[in-house]
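Student: Sequence below, structure please.
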Amino acid sequence: MRASLPTHATASRRRVFINARVIDPASGRDEPGGVLVADGAIADIGGHLRRNAPEGAEVVDCKGHVLAPGLIDMQVFTGEPGTEHRETLKTASHAAAAGGVTTIVVMPDTNPVIDQVALVDFIQRRARDNAVVNVHTMAALTKGLEGQEITEIGLLKRAGAIAFSNGKQSVANTKVMHNALLYAKDFGALIVHHTEDPYLTDGTCMNAGHVAARLGLPGAPKAAETIVLERDIRLVEIAGGRYHAATISCRESLDIIRAAKSAGLPVTCGVSINHLTLNENDIGSYRTFFKVRPPLRAEDDRAALVRGLAAGDIDLIVSSHDPQDADVKRRPFAEAADGAIGLETLLAAALRLHHGDGVGLMMLLRAMTIAPARLLGLPSGRLEKGAPADLVLFDLGQPWVVDRELLRARSKNSPFDESKMQGRILLTVVAGETVYRYPDPPRG
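Tutor: Sure, this is the predicted structure:
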């Protein structure tokens, strides 16, 4: 599947990144060394490039910092087309570059919904003209995201759609979901599903439990997630097809995924960085930047997800970047829109799991590089000869404080605003060309 590459990624000059701690989860490499880039691809890699630069190559001294594959974020909501005041492909791509993300997969929840070949083509053309990172499209699974009629999966896939999703809406109709799995299987297409029973969550705004009771807010039970997930797994048993649970949020869902994998089913799952690093207590005094879908759960659930990530049961981490403007966030908690931005803080927030929860750096990076690359069939997400030169260089220990006004996303609804982070992106490279360098002032 072809990505929309930055227009400037055609330079033929050679660049060598020396004196780096090279980490590549695809091969298990973690060693002092360097990477040689030529014609937008990796030409050489290894310890022999730690100090020695080939003659004629531009030298980038990494000063011992971590050099890894650029991150791949497969759940990014934007406002283009239809609600560009929230986010455009251009602003999202700059936020991604500043966060070390070199590939984004945009969701079909736009206006109009991305359920036709012409709209897939529109996103690709707009990204090619405006984005500084690779952009792929996840097309709608059902027409209008209404959950009633399956889209033309074969045509959409041929047009460039990399996967199929019903966005923030679950397909409540079991027969439609069953037929979608059968249809997608014929084309080798991946179905990515938001597991949430719309009837159990109707009118709710946070996790059901003691915190919701204390705040006087209607809560959504975890069963709203597990019921749909269990149904989907049963349908995969019957129909087959590749199935990915978009963002699980509780221990019970993790148990279901483990059982499905043990049974040999083609099932994977993701989790948002919000649910790995935050919990329902962060809502505090009705802070709407922490209102997300699925809702933030209890600390026990967060800890269970972290353990699942460390054990390899959770396949990948997403930002679930969902920009919302002030008009829909500055409301009473129950009335505020769901969603939080996260592209620019994805890696920094994930490093909390390494520094504070003991998750190995290799496993952490794996969930944001080679795991989504393999799931989506992308050539990136790895450091090997011939692979795209999509790289991120970061200082593992540098502290900084998030200031939402300095973030590159058009909307500023970050749950990490004013949070202390440890780990700073220094350089982001797409197809061999620098698309972000720290310090780099935000663009308008």
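
Student: Would you tell me what the next helix or strand after the helix or strand where Arg374 lies is?
Tutor: Element membership for Arg374, per DSSP states H and E: helix 370-376. The first helix or strand that comes after helix 370-376 along the chain, using DSSP H and E, is strand 391-401.

Student: what does that next one contact?
Tutor: Outside strand 391-401, the residues that touch it by Cβ atoms under 8 Å, 6 or more residues apart in numbering are 17, 20, 35, 37, 60, 62, 65-71, 100, 102, 347-348, 351, 361, 383, 418-429. Backbone N, C-alpha and C define where each C-beta goes, glycine included.

Student: Which of those fall within helices?
Tutor: Counting by DSSP state H, those place Leu347, Ala348, Leu351, Leu361 in helices.

Student: so which of those residues is the most crowded?
Tutor: Neighbour counts for those (other Cβ atoms under 10 Å) peak at Leu347, which has 25 neighbours.

Student: isn't that one right up against Met368?
Tutor: Yes - in terms of Cβ atoms under 8 Å, Leu347 counts as a neighbour of Met368; the distance is 7.3 Å.

Student: tell me, what's touching these two both at once?
Tutor: Both Leu347 and Met368 are contacted by Leu71, under the criterion Cβ under 8 Å, 6+ apart.

Student: Tell me which of the contacts of strand 391-401 fall in strands.
Tutor: Among these, the ones falling in strands (DSSP state E) are 17, 20, 35, 37, 60, 66-69, 71, 102, 420-429.

Student: Show me how to select, in PyMOL, the buried members of the residues you listed.
Tutor: In PyMOL, a selection of the buried entries from those looks like this (16 or more other Cβ atoms under 10 Å):
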select buried, resi 17+20+35+37+60+66+67+68+69+71+102+421+422+423+424+425+426+427+428+429
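
Student: Neighbours of Asp202, how many?
Tutor: Other residues near Asp202 number 10, with proximity taken as other Cβ under 10 Å.

Student: Next, it: secondary structure please.
Tutor: At Asp202, secondary structure determined by DSSP: H, G, I helix; E, B strand; the rest coil is coil.

Student: which residues touch the residue nearest to Ile341 when sequence neighbours are not counted?
Tutor: Excluding the flanking residues, the one nearest Ile341 by Cβ to Cβ, 6 or more residues apart in numbering is Ala409, at 4.6 Å. Contact analysis of Ala409 by Cβ under 8 Å, 6+ apart lists Glu87, Thr91, Ala92, Ala95, His321, Pro323, Ile341, Leu343, Glu344.

Student: can you list the domains in the chain?
Tutor: As given by automatic domain parsing, the domain ranges for the chain are 14-67+388-437, 70-376.

Student: neighbours around the nearest residue to Asp197 once chain neighbours are set aside, how many?
Tutor: Spatial nearest neighbour of Asp197, chain neighbours left out: Ala224 (4.3 Å); criterion: Cβ to Cβ, 6+ apart. For Ala224, the tally of surrounding residues (other Cβ under 10 Å) stands at 22.

Student: State the mean pLDDT of whichever helix or strand Ala224 is part of.
Tutor: Using DSSP H and E, Ala224 falls within helix 223-239. What helix 223-239 shows for mean pLDDT is 98.

Student: Tell me the gap between it and the middle of its chain.
Tutor: Relative to its chain's centre, helix 223-239 lies at 23 Å (Cα atoms, centre = their mean, to the nearest Å).

Student: Over to stretch 150-161?
Tutor: 22 Å.

Student: which residues in the stretch 251-400 of the chain form strands?
Tutor: Using DSSP state E, counting those that start in this stretch, the strands of the stretch 251-400 of the chain run over residues 267-272, 316-318, 391-401.

Student: Just name the most buried of these.
Tutor: Of all these, strand 316-318 carries the top mean neighbour count, a mean of 26, counting by mean count of other Cβ atoms under 10 Å.

Student: so what secondary structure elements neighbour it?
Tutor: If you count contacts as 3 or more Cβ pairs under 8 Å, 6 or more residues apart in numbering; DSSP states H and E, strand 316-318 packs onto strand 71-76, strand 267-272, helix 273-277, helix 370-376.

Student: Out of the ones you listed, indicate the one that is most buried.
Tutor: By mean count of other Cβ under 10 Å, these have strand 71-76 as the most buried, with a mean of 28.

Student: would you put the C-alpha positions of the following helix or strand past that one in CSV?
Tutor: The C-terminal neighbour of strand 71-76 among helices and strands, as given by DSSP H and E, is helix 89-98. The C-alpha trace of helix 89-98 is given here as CSV (Å, rounded to 0.1, in the frame of the first residue of the first chain):
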residue,chain,number,x,y,z
LEU,A,89,-3.9,17.0,7.6
LYS,A,90,-1.2,19.6,7.5
THR,A,91,-1.4,20.6,11.2
ALA,A,92,-1.8,16.9,12.2
SER,A,93,1.3,16.0,10.3
HIS,A,94,3.4,18.7,11.9
ALA,A,95,2.2,17.6,15.4
ALA,A,96,3.1,14.0,14.4
ALA,A,97,6.6,15.0,13.3
ALA,A,98,7.2,16.9,16.6
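
Student: Quick one: list the elements packing against helix 89-98.
Tutor: For helix 89-98, the elements it packs on are strand 71-76, strand 101-106, helix 117-130, strand 420-430, strand 433-437, judged by 3+ Cβ pairs under 8 Å, 6+ apart.

Student: Okay, buried residues for the last one please.
Tutor: Of the residues in strand 433-437, those buried under the neighbour-count criterion (16+ other Cβ under 10 Å) are Glu433, Thr434, Val435, Tyr436.

Student: check contacts around the second one.
Tutor: So the one you mean is Thr434. Contacts of Thr434 (Cβ under 8 Å, 6+ apart): Leu427, Thr428.

Student: so what pLDDT did it get?
Tutor: If you check Thr434, the pLDDT there is 97.

Student: Would you check how far apart it and Val132 are?
Tutor: 10 Å (Cβ to Cβ, to the nearest Å).

Student: quick one: contacts for the closest residue to Ala348 other than its chain neighbours?
Tutor: Leaving aside its chain neighbours, Ala348 sits nearest to Met421 (4.2 Å; criterion: Cβ to Cβ, 6+ apart). Shown in contact with Met421 (Cβ under 8 Å, 6+ apart): Thr345, Ala348, Ala349, Leu351, Arg352, Pro399, Trp400, Val401, Val402.
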